[in-house]
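A.B. asks: No letters, just coordinates:
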């Protein structure tokens, strides 16, 4: 077969060109990513029960949905969270390789089964099922440079005009806005309601009556009488649009002809759906949203599509509005891939120079050099066929392959030159004779290398996914190298090499300018070869001594292997950081904003040499939502501008942690995103402490506090913290059902009044700037600030009498959690942390397991996220 290609070099070139074309076409379509898609697919379920406590949300929403999530194929684990803001979420993670669309459909079906059992309010607002990862992929923000729009304007514009557009971009799994769009807020005055003997239900009914879109039909509609000449639409009433129109709603007409209107018992304003968040970027009011990546989506393609969509939308922005990206994870991926490609090209150049140095002949050097791009491009074609991506691991495989694949071509070239030198044959005849001698050896080289790297493709779990692409890429390039060495390289040797006189060295036939250098190099090389031969002879003469040295080396290697810190993947400077701020429970938004201002000032002043921007969000963090929570997204300057070690993310985060460590008014944690962003939001470990014995929430929290205290003393651990919220004081209202029944008060009226006054009741919709938005009704702020304010509220009994709450209710102070978590159906508390300097995540996880073993009976634990992947990888 080899002789066939030696005699037909053009045919060999055609095969090589086909391989290269396949690679070129593959490069244009291959996705680019940092790592292979190893993150398990995840589905999230989100619902909202406005005004409900965390316990109520868990009992009425989260657990109801959770209990229906049975019989799902390939479910790896699931977690849920219920917040005192009324939000409930469930995240279901499936085994790698699961079809995410099939998983989504099955979860959606389970949610439909649970819907009839959910509160009516939750059913009205809807339950959302989305295919998204848990990580923060990108933060998109809008700011106004001329001050014509305030924070509420920006958040409304983003929610109304940007959020839905971005949610439709391919690859986007979920869009989560900070803040909300405008809403019509009806702020009730309980004193005025009592004065007019009215309840919130009366107000709600009146609004629903007057604020309605009526479909009145048509004049001349079908079927029509014969000869009808007119057909027009009949318009009766549109939805209300302004606060003044709402204030004019008639609530009641008295017997004396006087009227009670909405303005008499409430004031109306255009507010927002939610007042939880205040967002600033570099101190300026901002509208922002977090984008989560869809399961299995390509990060770079999605990032590019998002920016293209934002550029498209920006053409219609109001004057002064600008787009910012305070947090994004893809620039690091792009830079990392470019660096690997640069290394690949440098490796090709170095291989060429080394071959030229040792072969001493440009023609002979060109032959292996030509083989390199043929093999590499052919490997890209195989990657396309296998469904792989251009990522760090496949590129590293190619970098390693360059040094191996040229060996086959070099073996062919050197053997041909040897035969030409020793026997004086022509290049073509020497090539034919050479291939009869080394064909078996070339095939053997390929098989041996495949046997070395091939088994890596059969590792299980996420480790297997990581190394499979590395292994297959490397083995594919080796096999293609053998093919090229049998097909193209012999044809090149037969046509490119110059004849060599018998007994002459190849260096003697090179360029006259370089011939003296190569002759000198050969002499020196032979001299060093003789010295090495003598050294090997000395080693063989004293074999026992050197066997002992060898055993010491092997033993030392084994000891280092056993004691080297183990980790799933190394942490890197990805150009972004996150800051989590936890104030003491019960702290107000005003206090949180002051702390967030300090965080912003530190990064923009103390660390200004490295920091590009700092976006702060109050009322939100990865630990939960609440007035005492905050989050900051810190974007670093370009890596080229941070070339000093002191300007790296690791150094800055360490300094920031030490700076904020002494604060008594807040806990501030600074951390970087993980190596694989689809597996979480932070570096370090992710630990779930569980109540497996039904010991109760109080015992679970005591165990959590005990574990945190011991962990923060442990030398292998650092920044161990709960990824949740501490218990806080709660005001409990106890309704005496018997007393309420005796006074003729319906229990549903009591619940409706309470939820409207202290929570927030959705009434219906209104039109604002051509978009449908919501109407909410709630007690005005001055009437819900103190515990005794509850006595301002009255309910109507069957006789039409107004009865104060104090007649049917008592109150007391209690203690409870504003954020309840569950993991695999067990009540849980998530704990995250990092390894101490010089220690790995494997060391940190071992330390946590040892500490958890000392906890009370009934308390268990599980690993989740990237920590679970590390455990499963062994």
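C.D. replies: Great, that's in hand. No experiment lies behind these values; they were computed from the predicted model shown.
A.B. asks: And what about the residue sitting nearest the centre point of the chain, helix, strand or coil?
C.D. replies: Nearest residue to the geometric centre of the chain (Cα atoms, centre = their mean): residue 135, 2.5 Å. What DSSP: H, G, I helix; E, B strand; the rest coil gives for residue 135 is coil.
A.B. asks: Now do the helix or strand encompassing residue 378: which elements does it pack against?
C.D. replies: In this structure, residue 378 sits in helix 362-386 according to DSSP states H and E. Under the contact criterion of 3 or more Cβ pairs under 8 Å, 6 or more residues apart in numbering; DSSP states H and E, helix 362-386 touches helix 9-29, helix 330-359, helix 392-423, helix 461-496. For every residue, glycine as well, the C-beta is placed using N, CA and C.
A.B. asks: most neighbours per residue, which of the ones you listed?
C.D. replies: helix 461-496 (a mean of 23; mean count of other Cβ atoms under 10 Å).
A.B. asks: following it, which helix or strand comes up?
C.D. replies: Counting by DSSP H and E, the next helix or strand C-terminal to helix 461-496 is helix 515-541.
A.B. asks: how about whichever helix or strand comes after that next one: buried residues?
C.D. replies: Sequence order places helix 543-563 as the next helix or strand after helix 515-541, per DSSP H and E. Of all the residues in helix 543-563, not one is buried under the rule 16 or more other Cβ atoms under 10 Å.
A.B. asks: Please apply the same query to stretch 589-597.
C.D. replies: Buried residues in stretch 589-597, counted by 16+ other Cβ under 10 Å: 589, 591, 592, 593, 595, 596.
A.B. asks: Just want to check the distance between the first one and residue 596.
C.D. replies: Same thing as residue 589. Using Cβ to Cβ, to the nearest Å, one obtains 10 Å as the distance from residue 589 to residue 596.
A.B. asks: list the residues that contact both of these two?
C.D. replies: With contacts defined as Cβ atoms under 8 Å, 6 or more residues apart in numbering, the residues shared by residue 589 and residue 596 are residue 618.
A.B. asks: Can you tell me which helices and strands the helix or strand hosting residue 618 packs against?
C.D. replies: Secondary structure assignment for residue 618, by DSSP H and E: strand 611-621. Applying 3+ Cβ pairs under 8 Å, 6+ apart, one finds that strand 611-621 makes contact with strand 278-281, strand 284-293, strand 321-328, strand 576-582, helix 589-601, strand 624-636.
A.B. asks: I'd like those as TSV, with distance to residue 141 and mean pLDDT appended.
C.D. replies: TSV is the format used below for the helices and strands packed on strand 611-621 (distance: least, Cβ to Cβ, whole Å; pLDDT from 0 to 100):
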stretch	distance to residue 141	mean pLDDT
strand 278-281	5	92
strand 284-293	4	89
strand 321-328	4	92
strand 576-582	14	90
helix 589-601	14	92
strand 624-636	9	88
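A.B. asks: for these, which one sits closest to residue 477?
C.D. replies: Of all the helices and strands packed on strand 611-621, strand 284-293 sits nearest to residue 477, with 30.3 Å by Cβ to Cβ.
A.B. asks: Please enumerate the strands of the stretch 1-150 of the chain.
C.D. replies: All strands of the stretch 1-150 of the chain, identified by DSSP state E, counting those that start in this stretch, fall at 42-48, 75-83, 87-94, 128-130, 138-144.
A.B. asks: Tabulate those (CSV), appending mean neighbour count, mean pLDDT and distance to residue 616.
C.D. replies: As requested, these are arranged in CSV below (neighbours: other Cβ atoms under 10 Å; pLDDT from 0 to 100; distance: least, Cβ to Cβ, whole Å):
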stretch, mean neighbour count, mean pLDDT, distance to residue 616
strand 42-48, 24, 89, 24
strand 75-83, 22, 90, 20
strand 87-94, 24, 89, 21
strand 128-130, 17, 88, 26
strand 138-144, 24, 92, 11
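A.B. asks: Out of those strands, which is closest to residue 739?
C.D. replies: Taking Cβ to Cβ, strand 75-83 is the member of the strands of the stretch 1-150 of the chain nearest to residue 739, at 30.8 Å.
A.B. asks: Name the surrounding residues that touch the closest one.
C.D. replies: Residues from elsewhere that reach strand 75-83, judged by Cβ under 8 Å, 6+ apart: 40, 54-55, 57-58, 61-63, 66, 69, 88-95, 624-626, 688, 818-824, 828, 830, 862, 864, 868.
A.B. asks: so how far is stretch 623-640 from its chain's centroid?
C.D. replies: The chain centre lies 14 Å from the centre of stretch 623-640; the measure is Cα atoms, centre = their mean, to the nearest Å.
A.B. asks: How about stretch 20-39?
C.D. replies: With Cα atoms, centre = their mean, you get 21 Å for stretch 20-39.
A.B. asks: and what of stretch 349-369?
C.D. replies: Computed by Cα atoms, centre = their mean, the chain-centroid distance of stretch 349-369 equals 45 Å.
A.B. asks: still on that earlier bit, give the buried residues for the strand holding residue 618.
C.D. replies: Within strand 611-621, the residues scored as buried using 16+ other Cβ under 10 Å are 611, 612, 613, 614, 615, 616, 617, 618, 619, 620, 621.
A.B. asks: Compile these into TSV and extend it with columns for pLDDT and distance to residue 163.
C.D. replies: Below are those laid out as TSV (pLDDT from 0 to 100; distance: Cβ to Cβ, whole Å):
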residue	pLDDT	distance to residue 163
611	92	28
612	93	25
613	92	22
614	94	23
615	94	17
616	94	21
617	92	16
618	91	20
619	87	18
620	85	16
621	82	21
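A.B. asks: List just the nearest of the residues you listed to residue 280.
C.D. replies: residue 616 (5.2 Å).
A.B. asks: Pretty sure the closest one sits against residue 594.
C.D. replies: No - between residue 616 and residue 594 there is no contact, the gap being 11.2 Å when judged by Cβ atoms under 8 Å.
A.B. asks: got the contact list for the residue nearest to residue 629 when sequence neighbours are not counted?
C.D. replies: Of all residues not flanking residue 629 in the chain, residue 621 sits nearest, at 4.2 Å (Cβ to Cβ, 6 or more residues apart in numbering). By Cβ under 8 Å, 6+ apart, the contact list for residue 621 reads 580, 581, 582, 629, 630, 631.
A.B. asks: Repeat that for residue 695.
C.D. replies: With contact set as Cβ under 8 Å, 6+ apart, residue 695 has these partners: 856, 858, 859.
A.B. asks: Same question for residue 86.
C.D. replies: Contacts of residue 86 (Cβ under 8 Å, 6+ apart): 48, 49, 50, 51, 52, 57, 759.
A.B. asks: mind redoing it with 7 Å?
C.D. replies: Residue 86 makes contact with 48, 49, 50, 51, 52, 57, according to Cβ atoms under 7 Å, 6 or more residues apart in numbering.
A.B. asks: among those residues, who's most crowded?
C.D. replies: residue 57 (28 neighbours; other Cβ atoms under 10 Å).
A.B. asks: Domain ranges for the protein, per the record?
C.D. replies: As assigned by automatic domain parsing, the chain contains the domains 2-35+333-502, 684-726+823-874.
A.B. asks: can I assume residue 38 is in contact with residue 466?
C.D. replies: Yes - in this structure, residue 38 is within contact of residue 466 by Cβ atoms under 7 Å, at 5.8 Å.
A.B. asks: sorry, back to before: among the contacts of strand 75-83, which are in helices?
C.D. replies: Among the contacts of strand 75-83, the members found in helices (DSSP state H) are 54, 55, 57, 63, 66, 868.
A.B. asks: Sort these by pLDDT and name the bottom one.
C.D. replies: Least confident entry in the ones in helices among the contacts of strand 75-83, by pLDDT: residue 868, with 83.
A.B. asks: Which of the ones in helices among the contacts of strand 75-83 sits closest to residue 814?
C.D. replies: For these, the nearest to residue 814 is residue 55 (10.5 Å; Cβ to Cβ).
A.B. asks: thought that closest one was touching residue 816?
C.D. replies: Yes - counting by Cβ under 7 Å, residue 55 does reach residue 816; the two are 6.3 Å apart.
A.B. asks: If you count neighbours, what's buried in whichever helix or strand residue 152 is part of?
C.D. replies: Assigned by DSSP H and E, residue 152 belongs to helix 151-157. Buried residues in helix 151-157, counted by 16+ other Cβ under 10 Å: 151, 152, 153, 154, 155, 156, 157.
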